[in-house]
Structures are given as C-alpha cells and as structure tokens.
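Colleague: Fold the following, please.
(one chain, ligands or ions: 1)
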Amino acid sequence: MAVTDLKKMLTDARDGGYAVGAFNVENMEFVQAVVRAADEERAPVIIQTSVNTLRYAAPEMFFAMVSAAAAETTVPVAIHLDHGETREDILACVRGGYRSVMFDGSLLPYAENVRMTRRIAEVCGPLGVTVEGELGAIAGKKNAPAHSRLLYTNPDTAADFVRQTGVDALAVAIGTAHGIYKDTPQLDYERLDDIRRAVDTPLVLHGASGLTDEQVRECVRRGIAKVNIATELRIAWTETIRAAQKEAPGVFDPKKAAGRARDAVCGIVREKIRVLGSAGKA
Ligand SMILES: [Zn+2]
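Modeller: Prediction:
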C-alpha cells in the first residue's frame with residue numbers, strides 16, 4: 001500500500017476508541033521493524049522522524065524507505081514529522097514527500113504559537129498535509145522548563161487554539177515527559193476529559209515511554225488517538241547491539257547485531273500496538 005493519509009487514520013481511531021502508535025525511527029532497520037510489527041498485528045501505523053534524525057538522513061531518504069516498506073504490506077502506513085520547530089523544518093519534509101507534520105510552538109508565547117501554527121496550517125492544508133500542533137509544554141525537551149502544572153494544557157485555551165489554527169491533531173500536556181522517567185508519572189485524567197469535551201480534534205499523547213500499560217490504556221479510553229513512542233525503541237535497539245557485540249566481539253558483519261536489534265524493536269512495537277487497541281484495526 002502507498003503511504004497513507006494520517007488525518008483519516010486519526011479520526012477513525014478517535015471514533016473507534018483506539019489509538020494509533022506513532023513510532024520514531026532512526027534508520028532503515030527501525031522502519032522495517034515498525035512496518036513488520038504493524039503487518040503482523042494488522043494495525044494502522046505512523047512512522048515519524050525527529051528534526052535531529054532528519055539531520056542524520058534527509059526526509060527524502062526516510063520517505064523512500066517508508067514507501068518501500070509500506071509497499072510490502074496491506075496495512076496503512078503514514079509518515080510524519082515529529083516536533084518541527086521552524087517553517088523550514090516543515091517545508092523540507094513536505095518537499096521530501098511527507099504528508100503529515102507537527103509544528104511545535106508550545107514554548108512560544110500563546111499568541112505567537114497560534115500565529116505560527118496557523119501559518120503552517122494555511123500552507124499545508126491546500127497541499128493535503130496534516131498538521132499536528134502542541135499546546136502546553138511537555139517536559140523533557142531541550143529548553144523546556146522543569147515539570148510544572150502551569151504548563152499543562154488548559155481545556156478552554158485548547159478549544160480556542162484549535163478554532164484559531166485549524167490543526168488536524170493536538171498534542172496535549174497532562175503530566176507526561178519526554179525521555180526516561182525517574183518515577184511513574186501522575187497523569188491528570190480529569191484534565192484530559194475536560195480537553196476531550198472542549199475539542200473534537202484527535203488528541204496526541206507524547207512521552208509515553210515509561211508509562212504503565214494501564215496508564216496508556218486509560219488515556220486511550222479517555223480520547224487519545226495518537227501515542228508517540230520513541231525512547232523505549234532506542235533503548236531496545238542500543239541494548240541489543242551492545243549485548244550482541246559483547247557476546248561475539250569477533251563478528252564484523254553489521255547485519256548480525258542490527259538484525260537482532262531490529263527484532264527487538266519489532267517486538268516492542270507489537271506490544272505497544274496491542275496496548276493501544278489498534279491491533280486488527282487495519
Ligand atoms: Zn514529543
């Protein structure tokens with residue numbers, strides 16, 4: 001199947017009471033692992049790349065890899081830019097073939113976040129490119145202030161933000177953080193309910209690595225339609241490569257360790273897909 005439209009994927013998830021996993025990939029093996037997991041679970045899936053990853057290999061490269069992998073399965077596969085911070089980030093991906101992007105203006109003053117996100121949506125809309133915005137700051141990003149309740153998404157502001165910007169998906173801050181948690185975080189479920197009531201747009205949960213499966217399920221029950229997963233995949237990859245090299249220091253075929261790491265990433269993606277309820281939804 002060709003690379004698919006993310007907007008329909010997310011509205012189907014919202015209406016169907018499940019969430020689509022959005023998995024950050026780093027290289028070809030990650031792409032293969034995610035698509036294989038989705039194929040085996042018969043799940044729609046989103047493959048996304050960060051701006052940093054796109055400095056390592058261009059959007060054209062990732063788009064070509066994802067297209068090739070998607071062509072080998074019948075499940076829908078979308079490709080998305082995670083945390084674009086500038087208009088240039090967004091346009092580079094659109095030129096490279098991406099049909100979905102995130103513009104993250106969450107650290108800007110509110111009026112500026114609205115203005116910038118609306119401009120991005122105005123450019124992307126006519127091109128058929130889906131736009132995810134973010135309101136309230138999810139901790140753990142570079143430059144982000146330390147975790148604070150003041151940064152949580154306000155439901156009334158969320159409604160205003162969606163109305164003014166026309167985004168297709170909205171990332172919300174309800175207590176998750178990027179990266180690795182020291183303790184299991186406390187999530188503000190009531191706030192999520194209030195946002196869900198105020199906003200019809202599919203909602204996105206960032207920083208899901210390290211939440212318990214029950215926490216993730218609860219967020220999905222309460223209306224999250226897209227869940228981003230990055231850190232757990234990177235850890236699985238790196239730990240597997242490390243272990244393989246330690247076990248067989250004399251092996252110089254990169255495919256040996258990378259193949260095992262690819263299997264490890266695939267296994268985690270399959271587990272996540274089941275937790276999100278998207279297995280069998282393709
Ligand atoms: Zn994020």
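Colleague: any idea how far the nearest residue to Arg95 once chain neighbours are set aside lies from Ile79?
Modeller: The spatially closest residue to Arg95, leaving aside those adjacent along the chain, is Pro59, at 7.3 Å (C-beta to C-beta, 6 or more residues apart in numbering). In this view, the C-beta of every residue, glycine as well, is placed from N, C-alpha and C. Pro59 is 9 Å from Ile79, where distance means C-beta to C-beta, to the nearest Å.
Colleague: where along this structure do the helices fall?
Modeller: Secondary structure of the chain by DSSP state H: the helices cover 6-16, 28-41, 51-56, 59-70, 87-95, 110-124, 155-165, 189-198, 213-221, 231-247, 254-276.
Colleague: ok, back up a step: could you pull up the residues touching the residue nearest to Arg95?
Modeller: By C-beta atoms under 8 Å, 6 or more residues apart in numbering, the contact list for Pro59 reads Thr49, Leu81, Ala92, Cys93, Arg95, Gly96, Gly97, Tyr98.
Colleague: Next, the contact list for the last one, please.
Modeller: The one in question is Tyr98. Listed by C-beta under 8 Å, 6+ apart, the contact set of Tyr98 reads Pro59, Phe63, Ile79, His80, Leu81, Val129.
Colleague: again, only this time at 6 Å
Modeller: Residues near Tyr98 by C-beta atoms under 6 Å, 6 or more residues apart in numbering: Ile79, Leu81.
Colleague: residues near Glu214, how many?
Modeller: The local packing of Glu214 (other C-beta atoms under 10 Å) involves 9 other residues.
Colleague: nope, Ile46 is what I was after
Modeller: Applying other C-beta under 10 Å, we find 26 residues neighbouring Ile46.
Colleague: which ones are touching it?
Modeller: Residues near Ile46 by C-beta under 6 Å, 6+ apart: Val20, Ala22, Ala78, His80.
Colleague: hang on, the earlier thing: tell me the spacing between the residue nearest to Arg95 and Tyr110.
Modeller: 29 Å.
Colleague: His206 now?
Modeller: Relative to Tyr110, and taking C-beta to C-beta, His206 is found at 19 Å.
Colleague: Could you check which of those two has the larger neighbour count?
Modeller: Set His206 next to Tyr110 and count neighbours by other C-beta under 10 Å: His206 wins out with 28 against 14.
Colleague: Could you verify my assumption that the more buried one touches Ala137?
Modeller: No: assessed by C-beta atoms under 6 Å, His206 is found out of contact with Ala137, at 10.3 Å.
Colleague: Using a markdown table, please lay out the contacts of Ile46 together with neighbour count, pLDDT and distance to Pro185.
Modeller: Conversion of the contacts of Ile46 to a markdown table gives the following (neighbours: other C-beta atoms under 10 Å; pLDDT from 0 to 100; distance: C-beta to C-beta, whole Å):
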| residue | neighbour count | pLDDT | distance to Pro185 |
| --- | --- | --- | --- |
| Val20 | 29 | 98 | 22 |
| Ala22 | 30 | 98 | 19 |
| Ala78 | 26 | 97 | 27 |
| His80 | 24 | 98 | 24 |
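Colleague: Which ones among those residues map onto strands?
Modeller: Counting by DSSP state E, the part of the contacts of Ile46 found in strands is Val20, Ala22, Ala78, His80.
Colleague: I am finished for the moment; much appreciated.
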